[in-house]
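Sequence below, structure please.
(one chain, ligands or ions: 1)
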Amino acid sequence: MTYRGRRREVTALRDLSLRIGAGEFVAVVGRSGCGKSTLLRLLSGLLPASAGEIRVAGEPIDGPPRQARCVFQDYAQSLLPWKTVAGNVRFGLRHAYAAPAGDHDALVAHYLDLVGLGHAADRYPWELSGGMQQRAAIARALAAGPRLLLMDEAFSGVDALSRATLQDVILRAWAEAGVTVVFVTHDIDEAVYLADRVVVLHPEGHGVLADVRTDLPRPREQVTTRELPDFLRHRRDLLNLVLD
Ligand SMILES: Nc1ncnc2c1ncn2[C@@H]1O[C@H](COP(=O)(O)OP(=O)(O)OP(=O)(O)O)[C@@H](O)[C@H]1O
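All right, here's what the predicted structure looks like:
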């Protein structure tokens, strides 16, 4: 992928070949500037690839794929400020990939419960903490019934405890919805905790440096999973790869 500016060109990713199966939870890690966000923007169809091809569900994409939804780090800008939390989730339902069966009120309540925001349905985004706003953004994305959920440093802007809660929210949602998740993070611990497969990008954007199956037992749990010998082994190996 080459970014073409007026004065110069920056090639962010090259020789990248990656295949992600339906229903996988894949984390993408790597040094700052290695192209993680570029990869996600390409998958989201927001950035047209300057070379190569991206297929979602076997179809080459030429814009945002209908079955994909994105959650970015900047939660403050991802919600509609004039709508309540419930109104934002309802918006997700109304623009769903496949029209959801059932009563919309019940579905809104379901997604709010899933992210632990049942008590905040009538509040506006500016009345919520950062972690709550991000939960609302996740509920809205899930309400759209995506088959592919793209998350870019989605939990980086919140405090450590809210981050742990959000990690468990997304694990629950993934287990329930069977959606494919591609999760970009600079946090190796988060990658190993969440995913079954961790893709390490080459520091200078030369494709994939390593593609590691972690496959820790599920369900995951914040304390016990992080103490597993396999968790610690993958964490150490991945840190060595990224820091090298
Ligand atoms: N809009 C843009 N125009 C020009 N160059 C860009 C643009 N966006 C990103 N780049 C460059 O592409 C490369 C990859 O950037 P990208 O943001 O994808 O990396 P990243 O791995 O997500 O970084 P970080 O971990 O710091 O967020 C970098 O060299 C960056 O400077």
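
If you drop the residues flanking it in sequence, what lies closest to Asp168?
Spatial nearest neighbour of Asp168, excluding adjacent residues (CB to CB, 6 or more residues apart in numbering): Gln222 at 7.0 Å. C-beta: built from backbone N, CA, C; applies to glycine.

residues in contact with the residue positioned nearest the centre of the chain?
Centroid-nearest residue in the chain: Met151, 1.9 Å away (criterion: CA atoms, centre = their mean). Applying CB atoms under 8 Å, 6 or more residues apart in numbering, we find Met151 in contact with 40, 70-72, 170, 181-184.

Lowest-confidence member of those residues, which is it?
pLDDT across the contacts of Met151 is at its lowest for Phe72, which sits at 88.

Please report phi then psi for that residue.
Listed backbone geometry of Phe72 is phi -100, psi 170, with angles given as degrees, to the nearest 10.

One more: Val26?
Dihedral angles phi and psi of Val26 (degrees, to the nearest 10) take the values phi -110, psi 130.

residue contacts, it?
For Val26, the contacting residues are 20, 180-183, 195-199, taking CB under 8 Å, 6+ apart as the criterion.

what's the pLDDT at it?
Val26 is assigned 98 on the pLDDT scale.

Just the buried positions in stretch 199-209, please.
For stretch 199-209, a neighbour-count test (16 or more other CB atoms under 10 Å) marks 199-203, 205, 208-209 as buried.

For Leu171, which non-adjacent residue is spatially closest?
Spatially, and ignoring its direct neighbours in sequence, Leu171 is nearest to Arg220 (5.9 Å; CB to CB, 6+ apart).

rewinding a little: surely the residue nearest to Asp168 is within a helix?
No: per DSSP: H, G, I helix; E, B strand; the rest coil, Gln222 lies outside any helix segment and is coil.

That one: neighbouring residues, count only.
Residue crowding around Gln222 was assessed by other CB atoms under 10 Å; the count is 12.

same check, this time on Ala57
Neighbour count for Ala57, taken as other CB under 10 Å: 13.

and what of the one 4 residues further on?
For Ile61, the neighbour count with other CB under 10 Å is 19.

any idea how far the residue nearest to it when sequence neighbours are not counted lies from the ligand?
Leaving out its chain neighbours, the residue that sits closest to Ile61 by CB to CB, 6+ apart is Gly45, at 4.9 Å. Distance from Gly45 to the ligand, counting by CB to the nearest ligand atom, to the nearest Å: 16 Å.
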